[in-house]
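# Okay, sequence plus prediction incoming.
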Amino acid sequence: MKKIIITLLMTLMPALGMASGGGVHLDKVEIDLQNQESLQNGARLFINYCLSCHSAAYMRFNRMGKDIGFSTEQLKELMYSAEKVGETMTVAMRGEEAQKWFGTKIPDLTVVARARGADWLYTYLRTFYLDDSRPWGVNNATFKDVGMPHVLWELEGLKKPIYETSNEHGAEESKHITGYEIVQPGKMSKEEYDNAMRDLVNFMVYMGEPAKLKRYTIGIWVLLFLVVFFVVSYALKKEYWKDVH
């Protein structure tokens with residue numbers, strides 16, 4: 001029994017670690033996989049800003065047409081790195097090139113929403129700030145010393161952090177970020193950028209499990225069938241046992 005408990009705890013530890021977000025406060029994002037307009041906007045953002053470096057090698061372009069309402073013509077307009085709509089969402093950048101330019105292998109993003117969580121992604125995309133000590137001139141409050149540049153800065157703008165110094169119980173002073181100050185405005189307001197990042201995360205959640213949309217629909221029909229089947233079964237049971245009772 002003791003071995004079973006230890007095994008269970010070891011299995012759950014990675015999930016608990018990701019849920020905690022490393023002690024970083026995560027902002028809540030509302031995911032709506034039924035909102036095709038949001039999913040389409042998120043797909044455009046992903047292809048235009050993420051797919052140039054990150055791949056989504058387990059996702060096919062034509063799957064988006066079936067699930068979120070893109071026509072074949074619309075898909076072809078979005079296909080910068082593919083020729084046929086049945087191809088996967090890959091990039092031309094090789095692993096050794098990424099290692100040379102960014103100092104690390106660039107991860108595939110197909111299932112990143114399942115690995116990190118929607119709230120983590122939403123917070124991460126909104127917490128880049130200027131940091132002259134970093135190679136790309138930016139850092140991230142959610143993922144400290146991240147090797148990724150702020151590719152969405154033209155939309156959000158550039159901002160610097162506002163720090164607060166604390167010295168609890170006589171311990172060594174520490175600084176933590178309490179907010180941000182815009183240094184260079186972007187094309188979007190804060191509300192518009194937050195909504196855009198919600199759409200992007202919404203699409204990445206969909207991409208992590210495209211079958212979820214169909215599974216939800218099937219689940220509703222299964223539950224309705226079980227309700228009807230229960231009524232019929234109960235009536236049949238009453239008929240069989242009426243003479244006994």
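Received, thanks. Predicted model, so just to flag it, every value in this text is computed and none were measured.
# ok, the nearest residue to residue 70 once chain neighbours are set aside to residue 108 distance?
Once flanking residues are discounted, residue 70 sits nearest to residue 64: 5.1 Å by Cβ to Cβ, 6 or more residues apart in numbering. Quick note: C-beta positions are derived from backbone N, CA and C, even for glycine. To residue 108, residue 64 is 17 Å away according to Cβ to Cβ, to the nearest Å.
# Counting neighbours, go ahead and name the busier of those two.
residue 64 (24 against 16; other Cβ atoms under 10 Å).
# what does the average pLDDT come to for the helix or strand harbouring the more buried one?
Secondary structure from DSSP states H and E places residue 64 in helix 61-68. Throughout helix 61-68, pLDDT has a mean value of 88.
# Which elements pack onto that helix?
helix 36-45, helix 72-78, helix 190-208 (3 or more Cβ pairs under 8 Å, 6 or more residues apart in numbering; DSSP states H and E).
# who does the longest strand seen in the chain pair up with?
Ranked by residue count under DSSP state E, the longest strand found in the chain is strand 174-185. Partners of strand 174-185 in the sheet, by DSSP bridges, are strand 157-166 (antiparallel).
# what does the partner strand rub up against?
By Cβ atoms under 8 Å, 6 or more residues apart in numbering, the residues outside strand 157-166 that reach it are 128-130, 141, 150, 173-186.
# rewinding a little: contacts only, for the residue nearest to residue 70.
43, 70, 75 are the contacts of residue 64 under Cβ under 8 Å, 6+ apart.
# Of those, just say which sits nearest to residue 154.
Using Cβ to Cβ, residue 43 is the member of the contacts of residue 64 that lies nearest residue 154, at 18.8 Å.
# How about that closest one, nearest residue that isn't a chain neighbour?
residue 203 (5.0 Å).
# And that neighbour, how far from residue 33?
Distance from residue 203 to residue 33, by Cβ to Cβ: 9 Å.
# Endpoints of stretch 207-214, how far apart?
13 Å (Cα to Cα, to the nearest Å).
# Return the distance of that stretch from the chain's centre.
13 Å (Cα atoms, centre = their mean, to the nearest Å).
# Okay, buried residues for that stretch please.
207-208, 210, 213 (16 or more other Cβ atoms under 10 Å).
# give me the low-pLDDT residue ranges for the chain?
By pLDDT under 70, the low-scoring segments of the chain are 1-23, 92-99, 101-103, 167-172, 245.
# ok, and the most crowded of the contacts of residue 64?
The most crowded member of these, judged by other Cβ under 10 Å, is residue 43 (27 neighbours).
# these two touch, right, that one and residue 69?
No - using Cβ atoms under 8 Å, residue 43 is not in contact with residue 69; the gap is 10.2 Å.
# Spatially central residue (nearest the centroid) of this structure, please.
residue 113 (3.5 Å; Cα atoms, centre = their mean).
# Make sure I have this right: that residue is in a helix.
Yes - under DSSP: H, G, I helix; E, B strand; the rest coil, residue 113 falls within a helix.
# and it, how far is that from residue 41?
Taking Cβ to Cβ, one finds residue 113 at 16 Å from residue 41.
# How about residue 214?
On the measure of Cβ to Cβ, residue 214 and residue 41 end up 22 Å apart.
# next one: residue 35
The value you get for residue 35 to residue 41, if Cβ to Cβ is used, is 9 Å.
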